[in-house]
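Peer 1: Kindly generate the corresponding structure for this input.
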Amino acid sequence: MKNNCHMKGLISQLIDGELSLQKTESVRRHLTDCAVCRKEFDVLKSLDSLLCDIKPVESSYDFARNFWNKIDALENKKQQWSFFKKNSWGWRPALGAVAALLVIATGTVISYRSAPTALDPSIILISENMALYRDYEIVNNLELLENWDEILAMGEI
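Peer 2: Presented below is the predicted three-dimensional model:
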């Protein structure tokens, strides 16, 4: 049994009455021979009858008025914000300039507050001689190094 048939696409058109008389006869003859297409025809025919039995939906008396009122409300809501959209190019450069000024002002304040105060000359001298101060203990005890041989000799005792 074939799963795909070249006539399968014409079955829906046959049910809807969209085929010519010659094509309709050709498809009907094919349906007697092809079980796959006959099954497809039965499914589509039952679906068509179900859909044709559905009653149309009736709208309420004031449906159109309510519908257009809701549309108008949405349009009014859009128009409230349209000022910013219409004039958006006019505001962008001004907003950019304000943002740049805020960044510059913030940077200036931060750099002013973190700027070092006037340095005391003694602090500069200490920082230049920091290595000397680190080695102060060694320099202070240089006299012990003169007697190094004696100290080593005492360690052997």
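
Peer 1: Could you use CA atoms for every contact and neighbour count after this?
Peer 2: Noted.

Peer 1: Quick one: low-confidence residue ranges for this protein.
Peer 2: Scanning the chain for pLDDT under 70 picks out 1-4, 80-91, 115-119, 123-124, 126-127, 129-136, 138-140, 142-145, 148, 155-157.

Peer 1: now do 90
Peer 2: Along the chain, segments meeting pLDDT under 90 span 1-19, 31, 33-37, 40, 45, 47-65, 72-99, 107-157.

Peer 1: can you map out the helices along it?
Peer 2: For the chain, the helices defined by DSSP state H occupy 11-16, 21-33, 35-52, 63-86, 88-114, 121-128, 130-134, 136-140, 142-146, 148-156.

Peer 1: Select, out of these, the one closest to residue 5.
Peer 2: Nearest to residue 5, of all the helices of the chain, is helix 35-52, at 7.3 Å by Cα to Cα.

Peer 1: What residues of the closest one count as buried?
Peer 2: By neighbour count on 16 or more other Cα atoms under 10 Å, the buried set for helix 35-52 is 37-38, 41, 45.

Peer 1: again with stretch 12-20
Peer 2: 12, 14, 19.

Peer 1: Which of the helices of the chain has the highest mean neighbour count?
Peer 2: Mean neighbour count, computed with mean count of other Cα atoms under 10 Å, is highest for helix 11-16 among the helices of the chain, reaching a mean of 16.

Peer 1: Which other helices and strands does it contact?
Peer 2: helix 21-33, helix 35-52 (3 or more Cα pairs under 8 Å, 6 or more residues apart in numbering; DSSP states H and E).

Peer 1: could those helices be laid out in CSV, adding distance to residue 137?
Peer 2: Listed next are the helices and strands packed on helix 11-16 as CSV, based on distance: least, Cα to Cα, whole Å:
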stretch, distance to residue 137
helix 21-33, 112
helix 35-52, 104
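
Peer 1: So for residue 153, which of those helices sits nearest?
Peer 2: Using Cα to Cα, the helices and strands packed on helix 11-16 put helix 35-52 closest to residue 153, at 114.5 Å.

Peer 1: Compute the inter-axis angle for the closest one and helix 21-33.
Peer 2: Helix 35-52 runs at 110 degrees relative to helix 21-33, counting by axes from the mean of the first three to the mean of the last three Cα atoms, to 10 degrees.

Peer 1: Cool, thanks, signing off.
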